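Asks: Let me see the structure of the following:
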Amino acid sequence: MDKIKTQLRRLRYYTKKDYLTVHNIAAAAALVLGLVFTYNAITATTRNWQLEQKLKEVKLQSVKLELEVDTLKLEQNYYKTEEYQEIMAREKQGMMLEGETMVVLPDNSEKAIKKYSDIDEPQQKRSNFDEWLDFLFG
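Replies: So this is what the prediction gives:
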């Protein structure tokens, strides 16, 4: 038992003498303060970056809404013009000006529909290799 007490006393003595010096305590305190400062700086920078991103997003939405308002104002002004009112009167109510004759055309025949339906179909996608061969060798 005395041997264990002696070893504990020696351990305490060497710990105080070798590790708990003013220099070591100051170095540990400086290290802790440096880590705390670095953590706070990174946190503040991250928060500022996130706030800046939100600000950019809000400004973009603001510009978008301003453009939308301007577009709606222009559209509203267009709806007030005589040109629009005349077009709508012709289209919706079948009205026409004096001296005009309305021509009603029949629906397209099956032959005409089939003829132009082939044009609308997209061409098949060729591979990149085939495109290069065609480009290089004609």
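Asks: contacts, neighbours, all on C-alpha from now
Replies: OK.
Asks: So, low pLDDT: which residues of the chain?
Replies: Of all residues in the chain, those with pLDDT under 70 make up the ranges 118-123.
Asks: how close does Arg12 sit to Lys5?
Replies: Plainly put, Arg12 is 10 Å away from Lys5 if you go by C-alpha to C-alpha, to the nearest Å.
Asks: what's the answer for Ala28, then?
Replies: For Ala28, the distance to Lys5 (C-alpha to C-alpha) stands at 29 Å.
Asks: For burial, what's the neighbour tally of Lys80?
Replies: If you count neighbours by other C-alpha atoms under 10 Å, Lys80 ends up with 11.
Asks: Tell me which stretches of this structure form helices.
Replies: Per DSSP state H, the chain carries helices over the ranges 2-14, 22-80, 82-93, 110-120, 128-137.
Asks: contact partners of the third one?
Replies: Meaning helix 82-93. 78-79, 95-96 (C-alpha atoms under 8 Å, 6 or more residues apart in numbering).
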